[in-house]
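A.B. asks: A structural model of the following input is requested.
(chains A, B and C)
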Amino acid sequence: MTLPNRLEIKNLSLSRGGRQLLRDLSFSLNPGEWLHLQGDNGIGKTSLLRVICSLAPLDEGEVLWRGQNIHEDLPLYLKDIFFVGHKLALKEELTAFENLAIECALMGVPAKDLDLKQALDHFGLKGREHVPLGILSQGQKRRVALAKLKLARAPLWVLDEPLVALDSHTVELFTQLLGQHLTSAGMVILTSHQPIQLSGLGRVLMLSR
Amino acid sequence: MKAFTAILKRDLRVAMHRKVEVLSGLFFYLVVATLFPLAIGSDLDILRRIAPGILWVGALLSSMLTLGRLFEADWQDGSLEQLVLTPHNLSLLVFAKIISHWTLCGLPLVILAPVLGLMFDLPIEFVLVLMGTLLIGTPILSCLGAIASALTLGLRGGGVLISLLVLPLFVPVLVFGSGAVESLAAGLGSQAYFSILMAMLMPAVFFSPWACATALRVAFE
Amino acid sequence: MELSGVERNKVGCQWDNGHSKNETDKKMMGFFFKYAPPQAFYRLSGKLIPWFSGAGVLLTVAGLWVGLGMAPTDAQQGQGYRIIFLHVPASWMSMIIFMAMAFWSFLGLTFKTRLSGMMTAALAPTGAIFAFLSLWTGAMWGKPMWGAWWVWDARLTSELILLFLYLGYIALTSAIDNPIRRDKAGAILALVGSINVPIIYFSVTWWNTLHQGASISMTKAPSMAHLMLLGMLLMALAFWMYSIAVALYRVRTLILERESATKWVQSLAEVVD
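C.D. replies: Here you go, the predicted model:
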């Protein structure tokens, strides 16, 4: 019997460079729910996301996925999580198509050429799939990075400032995509300085000193 | 497995677009080899005797230069983060990167070695033995260097620091690699040296990806 | 719906025992892990330092007395050989300390104790000093014996590479600001280095015999008088006691630095103005 997808943060305490960022934080996230982290710059939003992704260590507390500490079986957890950070993680020398193909291989998602094309088209990159990424604009590159989301199969999405440098149309597309993910029992944690309209059950977690 | 080939293909494809970077290591090897006769004198008898040592040290130094770039680009653009977060075995993916580094930066040195051997008037048998030892030694260098590269990710003084860390560890390979030709010159044959080099290659190949993966995770903390 | 996740930044109590998640597994190791938390180790080391320092002084006196006063004059080298009472113990210590660093590194990576990283860092400078001392005394020995300040003797060359390994460790750890990363990266380097030390020694010895190099070695001499051996052992023990005392002293400084934000540090007599 597999336990339901559920992310639990228990009594999390975190410090960086001698400064206590978070103390005794607890929350949980169930399928279909989203969490919007807000707070001033440097308050610990990215650090929290990185702890959730298992990139950074925590001082006290636990991160549980399906009731199990993520560090007990890390590969299993990493299968279910997809992280989009500040940086694009794309190679400028390669085309959007090639980049996505590699991403899919890394995610362990079998994707046919048609799927890749569709993902890129969804974000308005039709005709630009086979052009080296270096030629595209910053906004277009960001869209390629978001196209990864269309192909990702992981239930938990962790997004760090995904809306940066996006025009309103793309923001709409992105919000739609998130909505679809949530309705199909996905979960989203994101940070964003900009306001975001999402359907479904969601919370705002405000970090303050 | 798919991820392994994907990483390998990615690195090689990116390198194709950045040919200058790849060739610069090779060029450096040529330059270093040229400096020694200029510094020591053109007496071919002396040069012939010290050629194996020079060609080995030159290969080492050239690799030092290129090792700094092994993870740097991925670190800068966020690809490394994604690599650490894949459900696949990180050691395997790191191994793919080590192989791509060797193919782009180590193997060309082996191929250039005979040309440099000409400059030092090395007899052909010696050149072949030298190439053989470099063929086994440069992968070891890529393996050990990858660990140092991972440990020093994003640190100040990166390139020099890598050299400081790797060169002492690489002394055994240097000793046996260049010693093989000496042994041949002394009429003793180089079989034993190749065996020892292979004996060093095996653990390096099995152990380094894992150590490197650990170092990469540490770099993110 | 809003949740508030962070309270005012309180210093101290959460950090007093520095426990990590594996603490429950470690209870089986009882005594050893009782002193793993920095605060407990700080107290323990404070009590131990005078003992080790005292032992070091006594053993040094004994060792020098035996070595300089009692051991016989060597048939070939006269009085000059007496430098081995510094040279050999220093070599031994440089290797022992590296192994100790590897041991602590292994502990630190396995059990994730902060103290292990600090101990490794505390040992490194002492190890480097002994490696340097070994080289320097080796040169001083070599000059009258061989006429050159440096001969590519296998052991001296291995010692030199060991010094490079120490310097590499110190260089790496100095370049990293994040203390957790510094400990772990240093630990990995120390472990990889320690695995390589025997390989390096073996290969340099081979290289030396291949090139028929000079050899500075007393241990190969057929007649190693008992007193000479005793003198070297006493000096080795003396160096060992000194190393422990100095490493403990350094660890205490590191503990104070790293834990400076905690309550127990700020209430210490040494810290309070």
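A.B. asks: next SSE downstream of the helix or strand hosting residue C:243?
C.D. replies: Residue C:243 belongs to helix C:226-258 when elements are defined using DSSP states H and E. Remark: after helix C:226-258, the chain's next helix or strand is helix C:263-266, criterion DSSP H and E.
A.B. asks: is that next one anywhere near chain A?
C.D. replies: No - applying CB under 8 Å from any CB of the partner chain, one finds helix C:263-266 separated from chain A by no less than 12.0 Å. Heads up, the C-betas are built off the backbone N, CA and C, glycines and all.
A.B. asks: may I see the buried residues of that helix?
C.D. replies: For helix C:263-266, a neighbour-count test (16 or more other CB atoms under 10 Å in any protein chain shown) marks C:264-265 as buried.
A.B. asks: against which helices or strands is that helix packed?
C.D. replies: Helix C:263-266 sits against no helix or strand, with contacts defined as 3 or more CB pairs under 8 Å, 6 or more residues apart in numbering or on different chains; DSSP states H and E.
A.B. asks: quick one: distance of that helix to the chain centre.
C.D. replies: Computed by CA atoms, centre = their mean, to the nearest Å, the chain-centroid distance of helix C:263-266 equals 28 Å.
A.B. asks: for chain B, what lies in contact range of chain C?
C.D. replies: Counting by CB under 8 Å from any CB, chain B comes close to chain C at B:147, B:151-152, B:155-157, B:161, B:164-165, B:167-169, B:171-172, B:175-176, B:179, B:182-183, B:200, B:211, B:214-215, B:218-219, B:221.
A.B. asks: out of those, which are inside helices?
C.D. replies: Members of the residues of chain B next to chain C lying in helices (criterion: DSSP state H): B:147, B:151, B:161, B:164-165, B:167-169, B:171-172, B:175-176, B:179, B:182-183, B:200, B:211, B:214-215, B:218-219.
A.B. asks: now do the helices in chain A.
C.D. replies: For chain A, applying DSSP H gives helices covering A:45-52, A:74-79, A:96-107, A:113-122, A:138-151, A:168-183.
A.B. asks: so for the closest residue to chain B within the stretch 1-150 of chain C, what's the pLDDT?
C.D. replies: Among the residues of the stretch 1-150 of chain C, residue C:109 lies closest to chain B, at 8.0 Å counting by CB to the nearest CB. Note for residue C:109: predicted pLDDT of 90.
A.B. asks: neighbours around it, how many?
C.D. replies: 19 (other CB atoms under 10 Å in any protein chain shown).
A.B. asks: name the element it belongs to?
C.D. replies: For residue C:109, the element it lies in under DSSP H and E is helix C:84-111.
A.B. asks: isn't residue B:102 right up against residue B:140?
C.D. replies: No - under the contact definition of CB atoms under 8 Å, residue B:102 does not touch residue B:140, with a separation of 9.6 Å.
A.B. asks: of these two, which one has the most company?
C.D. replies: A direct count of neighbours by other CB under 10 Å for residue B:102 and residue B:140 places residue B:140 higher, at 25 against 22.
A.B. asks: show me what the following helix or strand past the helix holding residue C:109 is packed up against.
C.D. replies: Later in the chain than helix C:84-111, the nearest helix or strand by DSSP H and E is helix C:114-146. Here helix C:114-146 touches helix C:38-64, helix C:84-111, helix C:154-175, helix C:179-210, helix C:226-258, going by 3+ CB pairs under 8 Å, 6+ apart.
A.B. asks: pull out the buried residues from helix C:114-146.
C.D. replies: Buried residues in helix C:114-146, counting neighbours by 16+ other CB under 10 Å, are found at C:114-135, C:137-139, C:141-142, C:145.
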